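*Asks:* Give me a 3D structure for the following:
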Amino acid sequence: MSQLSQTAKLETLEAVLDGLMRRYQERVPDVPAILRAMTQEGLISRPEDVENDHIAFRTMGVPQLGIASLEKIFLHYGYTRRDRYNFEAKKLNAHWYSPPSPEFPRIFISELRVDDLSPTAQAIITSYTDEVTTDPVDALDLDDWRQVDEFLHKALWRLPTWADYQRLQEESEYAAWVIYNRYYLNHYTVSVHNLPEGYDTIPAFNDFLERHGFKLNTSGGKAKVSPDGLLIQSSTVAEMIEAEFASEGAPAHPGQGRHSGGEKHKISGSYVEFAERRPLPEFAHLPKSELRREHRREGFEAGNADKIFESTYSHQTAVRQ
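*Replies:* Coordinates of the predicted model:
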């Protein structure tokens, strides 16, 4: 049982999120570049002015990992599990989590239904994930942000081989992404509806992004719109990163570092998302200055998210290679 007060838990959560964002910005050059462009054009005065709509993680759906493991961290800090989503074609499940306080981002955690893959793909995945014999979150002191920060940025299993990565990518690009990237932050999301007029809709903000040379995910159209028309999303195409893979036949060392491998290849890393949440019908009459988070469309939309997932897929990232 935690001995921390709720205020202390929120401070711990803030430190965890700061650690995630610091490494994410270092790894995804689009993030600081977009923030610079927003500042230069007067959309914001400083990067901290951006409201983070949500952050997202990808996981492997095996007993000791997956959603059931990772969510424990955020439930501990006061997040509430909300809707469940099923992405049949991509063989994914997901939940989103509402924050303990409105200044924190929503969280979206997805997991690959490993049992739905071919026996070959399952064998490849479990050859890595079986190195994690118990739920690793259970061993953490969740009141110590440094432990959580280190956990979210360390390798849980050995470095994959290029052959294994390629075989997984043939069947599930999501599986290939996770086998290399693990729990690295998949994306964070700029709330555009609170930006100045002329930039506060997804179509207008997409125009701004493309004017500055950023590549957008075109799967399902550049703007992904929910059936009720109240949630509109877009995203950049994932950055390509130089990834070092394990040499074939190298000994298996659980927790092996990224730089102890052999051949190097460019693979998809993380990306940036953008969200416009329009007012609910009963609050549509309110002036923009009076609209709060609770007045706007909440939650997520499976059809939108399905296309956003493809920001790391090769048919999109080809434009960045």
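
*Asks:* rest of the way, CA atoms for contacts and neighbours
*Replies:* OK.

*Asks:* helix/strand/coil for residue 125?
*Replies:* Residue 125 carries the three-state label helix when classified by DSSP: H, G, I helix; E, B strand; the rest coil.

*Asks:* Excluding chain neighbours, what is closest to it?
*Replies:* What sits nearest to residue 125 in space, not counting adjacent residues and going by Cα to Cα, 6 or more residues apart in numbering, is residue 179, at 7.4 Å.

*Asks:* how deep is the one you found tucked in, by neighbour count?
*Replies:* Other residues near residue 179 come to 26 when the count uses other Cα atoms under 10 Å.

*Asks:* Rounded mean pLDDT for the helix or strand harbouring it, please.
*Replies:* Using DSSP states H and E, the secondary-structure element containing residue 179 is helix 173-181. Mean pLDDT, taken over the full extent of helix 173-181, equals 95.

*Asks:* ok now it, how far from the chain's centre?
*Replies:* The gap between where helix 173-181 is centred and where its chain is centred comes out at 13 Å by Cα atoms, centre = their mean, to the nearest Å.

*Asks:* quick check: longest helix of the chain.
*Replies:* In the chain, assigned by DSSP state H, the helix with the most residues is helix 6-27.

*Asks:* Tell me which stretches of the stretch 101-250 of the chain form helices.
*Replies:* Counting by DSSP state H, counting those that start in this stretch, one finds helices in the stretch 101-250 of the chain at the ranges 119-129, 145-152, 162-171, 173-181, 202-211.

*Asks:* what's the offset of the second one from the middle of its chain?
*Replies:* Offset of helix 145-152 from its chain centre (Cα atoms, centre = their mean): 17 Å.

*Asks:* Pairing partners for the helix or strand containing residue 265, with directions?
*Replies:* Element membership of residue 265 [criterion: DSSP H and E] is strand 264-268. Strands that pair with strand 264-268, judged by DSSP bridges, come out as strand 240-244 (antiparallel).

*Asks:* so for the partner strand, what's the average pLDDT?
*Replies:* Per-residue confidence for strand 240-244 averages out to 91 on the pLDDT scale.

*Asks:* Now do that strand against helix 173-181, angle only.
*Replies:* An angle of 60 degrees separates the directions of strand 240-244 and helix 173-181 when computed by axes from the mean of the first three to the mean of the last three Cα atoms, to 10 degrees.

*Asks:* Can you give me the buried ones in strand 240-244?
*Replies:* Going by neighbour count (16 or more other Cα atoms under 10 Å), the buried part of strand 240-244 is 240, 241, 243, 244.

*Asks:* try stretch 152-170
*Replies:* 152-162, 164-165, 167-169.

*Asks:* same question, stretch 111-119
*Replies:* Under the neighbour-count criterion of 16+ other Cα under 10 Å, stretch 111-119 has 111, 112, 113, 114, 117 buried.

*Asks:* quick one: contacts of that stretch?
*Replies:* Under the criterion Cα atoms under 8 Å, 6 or more residues apart in numbering, residues 58-62, 66-67, 91-94, 122, 125, 171, 174-175 lie in contact with stretch 111-119.

*Asks:* Correct me if wrong: residue 220 contacts residue 306.
*Replies:* No. Using Cα atoms under 8 Å, residue 220 and residue 306 do not qualify as a contacting pair, with a distance of 9.2 Å.

*Asks:* And those two? Which one has more around it.
*Replies:* When residue 220 is set against residue 306 and neighbours are counted by other Cα under 10 Å, the residue ahead is residue 306, at 19 against 15.

*Asks:* what's the closest non-adjacent residue to the more buried one?
*Replies:* In space, residue 306 comes closest to residue 87 once its chain neighbours are excluded; the distance is 6.9 Å by Cα to Cα, 6+ apart.

*Asks:* Burial-wise, tell me which of the helices of the stretch 101-250 of the chain comes out on top.
*Replies:* Of the helices of the stretch 101-250 of the chain, the one with the most neighbours on average (mean count of other Cα atoms under 10 Å) is helix 173-181, at a mean of 23.

*Asks:* Show me the contact partners of it.
*Replies:* If you take Cα under 8 Å, 6+ apart as the criterion, helix 173-181 is touched by 58-60, 112, 125, 159-160, 165-166, 168-169, 268-269, 312-314.

*Asks:* wait, which of those is closest to residue 301?
*Replies:* Checking those against residue 301 with Cα to Cα, the nearest one is residue 58 at 17.0 Å.
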